[in-house]
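In: How does the following fold in three dimensions:
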Amino acid sequence: MKKKRPSIKDIAAELKTSVTTVSFVLNGKAKEMKISEEMTQKVLDYANKINYQPNQLAQGLRTGRSNIIVFMVEDISNYFFARIARIIEDIAYKKGYKVIFCSNENNDERSRDLLRLFKERQIDGYIIIPSPGIEKDIQNLMKEKIPVVLFDRYFPGLESHYVVIDNKDAAYNATLHLIKNKFKNIAFITIDTGQNQMLERLEGYKKAIHQYDLTENILAIPYRPDTVSYVKAIIRDYIMHHDMDAIFFATNYLTQSGLEAIKENFPHFLTELGLITFDDHEIFKIYSPSISAISQPRFEIAENLMRIMISLIENSNTPQNFNKVILKSTLFSRESTKF
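Out: Modelled structure (predicted):
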């Protein structure tokens, strides 16, 4: 038979005091409620002796707050998302919150399953990279006055809080960087999706290409979770049958797969092609040649996400204008874009 979890009532009964007194002590309000030091110490010592752990779900039901935030991204193992997650965890901890991390695999059904699960757990708020078809689900959370902040992408038709970067400007400047370094036949390798952040990167590439009367050279790869071998094969075939002197990869995971495909099939291209990536990674600095990259401001992104989220949670009864934060990125020029 499963052992019963010790409760506040058990502590109160053992110490012959009230449940209210025990509750105040365990919630750090002993001095405020003028509870004696002797009783305070008795409660703390006994709670420690029986290894008392508060029932957070029950606390949430009583207070309406769990002090837990969900951080849902496409793939939490992705370098960029993982680094953001680490910063958010530190900020949340200092503010008295814990964070649950999860991946939706850019899959709508998985996103909905996770949202249903967390809603039952009295989660205080959600920081979400939304999969393509959950606009209605996000809207419903907001209608219920549950704090939601989107990042990396948003739904243009839905008024919401979000933190993104200026994707179009970043891609335009990266393509311009290649052109000014004398590359003229620039391939853009991206994901075939209608999501706004990827469309904006494509727009930035096209803007620079058209500005200099060059020819578009675009490979849009259908998204699949089993990305690596699938992407490598498509990139290998594309390079084999198309002329190019440079490649602009729209994400860092496309870059990693692309570099593997090039190294395995066309190793001489590593020094002959201009190479640039969206989303920097430590490996791109030490790769040979080192890879030029667009770096997103991770600390600024995390700080803005948490600033908005904490404000929404702690000022839930105060109407707030939608926070729409668009940040600038930094382009690091390395060996791979030197003609």
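
In: does Ser23 belong to a helix or a strand, and which?
Out: helix 19-26 (DSSP states H and E).

In: now that helix, how far from the centre of its chain.
Out: Mean-position distance between helix 19-26 and its chain equals 38 Å (C-alpha atoms, centre = their mean, to the nearest Å).

In: neighbours of the residue nearest to Leu44 when sequence neighbours are not counted, just the number please.
Out: Spatially, and ignoring its direct neighbours in sequence, Leu44 is nearest to Val25 (6.6 Å; C-beta to C-beta, 6 or more residues apart in numbering). For the C-beta atoms, the positions are set from N, CA and C on the backbone; glycine is no exception. Counted by other C-beta atoms under 10 Å, the residues lying close to Val25 total 24.

In: check contacts around Val25.
Out: Residues near Val25 by C-beta atoms under 8 Å, 6 or more residues apart in numbering: 35, 39-40, 43-44.

In: For the residues you listed, could you give me a markdown table that also reports secondary structure, distance to Phe332 and neighbour count?
Out: Shown next, in a markdown table, are those (DSSP: H, G, I helix; E, B strand; the rest coil; distance: C-beta to C-beta, whole Å; neighbours: other C-beta atoms under 10 Å):
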| residue | secondary structure | distance to Phe332 | neighbour count |
| --- | --- | --- | --- |
| Ile35 | coil | 57 | 18 |
| Met39 | helix | 60 | 16 |
| Thr40 | helix | 55 | 18 |
| Val43 | helix | 56 | 25 |
| Leu44 | helix | 52 | 14 |
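
In: between these, which is nearest Ile165?
Out: Nearest to Ile165 among those: Leu44, at 47.4 Å, using C-beta to C-beta.

In: Quick check: what element follows the helix or strand bottoming out on mean pLDDT in the chain along the chain?
Out: Lowest mean confidence among the helices and strands of the chain (mean pLDDT, DSSP states H and E): helix 56-63, at a mean of 49. Note on helix 56-63: by DSSP H and E, the next helix or strand toward the C-terminus is strand 68-73.

In: Okay, now the sheet partners of that following strand, with direction.
Out: Under the criterion DSSP bridges, strand 68-73 sits next to strand 98-103 (parallel), strand 125-128 (parallel) in its sheet.
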